[in-house]
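K.L.:
please find the sequence and the predicted model below.
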Amino acid sequence: MSAFGSQSMAAPLRRVLMRSAANAMRDADRAAWHYGPGFNPAKAASQHAVLAELVAASGADIEWIEDKPDGLSDSVFTHDPSLMTDRGALILSMGKPLRAGEPSLHEETYRRLGIPILGRVEAPGQVEGGDCVWVDARTLAIGRGVRSNQEGIQQVANLLTPLGVSVYGFDLPLWQGEEACLHLMSVISPLADDLALVYSPLLPAPFYQMLKARGIRLVEGDAEEFAASNGLSLNVLPTSPLEVIAVAGFPKTKAAMEAAGCTVEIFEADALCIACEGGPTCLTRPILRQ
Ligand SMILES: NC(=O)NCCC[C@H](N)C(=O)O
């Protein structure tokens, strides 16, 4: 069995699942995938390669999902079709119909890597990884919105309660509509166990109260940068506590994280992240954080 396990959002990233944008995004129909006018598949692929270099330089081993032209453009956002636990992977069930083929790609990859499958969310249940936040190792928050539903949250609770994990669902707003991507992780990026970058106007109020009650310090992302980036200014990947990778172009949000003690590396991601509604967190599925 190979190394796996993660019930933390910011513990040192040791092993991570990624998929190149080179073939997956190459022939994507921009309108069908709800990508913005800045989408450019060749540029997206080279920006993805730069992110992969930063992730590898942090010390994490990258496990690659096979790169083939299967038309699954969003499959580069490996955060969403599965969730890792300390007992194995949960294979999830996508809320965006065009992403329905992705969970089986993850399952095949985990089998190839010798990582156990703890369970599956089955339709009509829906849960996407971007809606899942480990508040601590025994508390999982899931955003209930257009991508994750109550049936799916209940299935995750049934799988994780026996492991001593409490699962809480929190309602998300509709914000930019059903076609757009708004996950719970669109409005919070944990930066360390006790520190998170947030856009509090869109945080579910009871989730905000849970974070405060647990002593998690909140860094507020700049509102103008959040609006200008469709929320991607907030999508920040911790490779270790207080060591993070962010999208370039949002100096106020970067400065706020630095003032809170973070070291922030940036990469250009207009064609990949801003256009396609997913940032460095979404482009990585942690397999091992410890
Ligand atoms: N975890 C994330 O926020 N993932 C971003 C996914 C973006 C992708 N274009 C989607 O709509 O699902």
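P.N.:
Noted; the coordinates are in hand.
K.L.:
contact residues of the stretch 1-150 of the chain facing the ligand?
P.N.:
Counting by C-beta under 6 Å from any ligand atom, the stretch 1-150 of the chain comes close to the ligand at 74, 77, 79-80, 96, 99, 130. Quick note: C-beta positions are derived from backbone N, CA and C, even for glycine.
K.L.:
which residue does the stretch 1-150 of the chain have closest to the ligand?
P.N.:
Nearest residue of the stretch 1-150 of the chain to the ligand, counting by C-beta to the nearest ligand atom: Gly130, 2.5 Å away.
K.L.:
would you mind measuring from the closest residue in space to that residue that isn't next to it in sequence to the ligand?
P.N.:
Excluding the flanking residues, the one nearest Gly130 by C-beta to C-beta, 6 or more residues apart in numbering is His183, at 3.2 Å. Per C-beta to the nearest ligand atom, to the nearest Å, His183 is found 4 Å from the ligand.
K.L.:
so how many other residues sit close to His183?
P.N.:
Residues within reach of His183, counting by other C-beta atoms under 10 Å, total 29.
K.L.:
please tell me how far it sits from Ala22.
P.N.:
25 Å (C-beta to C-beta, to the nearest Å).
K.L.:
also Leu232?
P.N.:
Applying C-beta to C-beta to Leu232 and Ala22 gives a distance of 21 Å.
K.L.:
before we move on, what about Ile245?
P.N.:
20 Å.
K.L.:
quick one, which of these two is more surrounded?
P.N.:
Neighbours were counted for Ile245 and for Ala22 using other C-beta under 10 Å; Ile245 has more, 24 against 17.
K.L.:
show me what contacts that one?
P.N.:
Applying C-beta atoms under 8 Å, 6 or more residues apart in numbering to Ile245 gives the contacts 51, 54-55, 58, 236-237, 239, 264-267, 280.
K.L.:
give the bridge partners for it, please.
P.N.:
Residues in a beta bridge with Ile245, per DSSP bridges, are Leu237, Glu265.
K.L.:
what ranges do the strands span in the stretch 1-150 of the chain?
P.N.:
For the stretch 1-150 of the chain, applying DSSP state E, counting those that start in this stretch gives strands covering 13-18, 61-64, 82-85, 88-91, 117-120, 132-136, 139-144.
K.L.:
name the residues of the top helix by length along the chain that are buried.
P.N.:
The residue-count maximum for a helix in the chain (DSSP state H) belongs to helix 41-57. Neighbour counts over helix 41-57 (16 or more other C-beta atoms under 10 Å) mark 41, 43-45, 47-48, 51-52, 54-55 as buried.
K.L.:
could you dump those to a markdown table with pLDDT?
P.N.:
Shown next, in a markdown table, are the buried residues of helix 41-57 (pLDDT from 0 to 100):
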| residue | pLDDT |
| --- | --- |
| Pro41 | 97 |
| Lys43 | 98 |
| Ala44 | 98 |
| Ala45 | 97 |
| Gln47 | 98 |
| His48 | 98 |
| Leu51 | 98 |
| Ala52 | 98 |
| Leu54 | 98 |
| Val55 | 98 |
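K.L.:
could you dump stretch 224-235 to PDB, C-alpha only?
P.N.:
Only the C-alpha atoms of stretch 224-235 are listed here, as PDB (Å, rounded to 0.1, in the frame of the first residue of the first chain):
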ATOM      1  CA  GLU A 224     -12.300  44.600  -5.100                       C
ATOM      2  CA  GLU A 225      -9.700  41.900  -5.900                       C
ATOM      3  CA  PHE A 226     -12.300  39.200  -5.100                       C
ATOM      4  CA  ALA A 227     -14.800  40.800  -7.500                       C
ATOM      5  CA  ALA A 228     -12.300  41.400 -10.200                       C
ATOM      6  CA  SER A 229     -11.100  37.800 -10.200                       C
ATOM      7  CA  ASN A 230     -14.500  36.100  -9.800                       C
ATOM      8  CA  GLY A 231     -13.200  34.900  -6.400                       C
ATOM      9  CA  LEU A 232      -9.900  33.400  -7.600                       C
ATOM     10  CA  SER A 233      -7.900  35.900  -5.600                       C
ATOM     11  CA  LEU A 234      -9.000  33.900  -2.600                       C
ATOM     12  CA  ASN A 235      -8.100  30.400  -3.900                       C
END
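K.L.:
gap between it and the chain center?
P.N.:
Once both centres are worked out by C-alpha atoms, centre = their mean, to the nearest Å, stretch 224-235 turns out to sit 15 Å from its chain's centre.
K.L.:
good, we can wrap up now.
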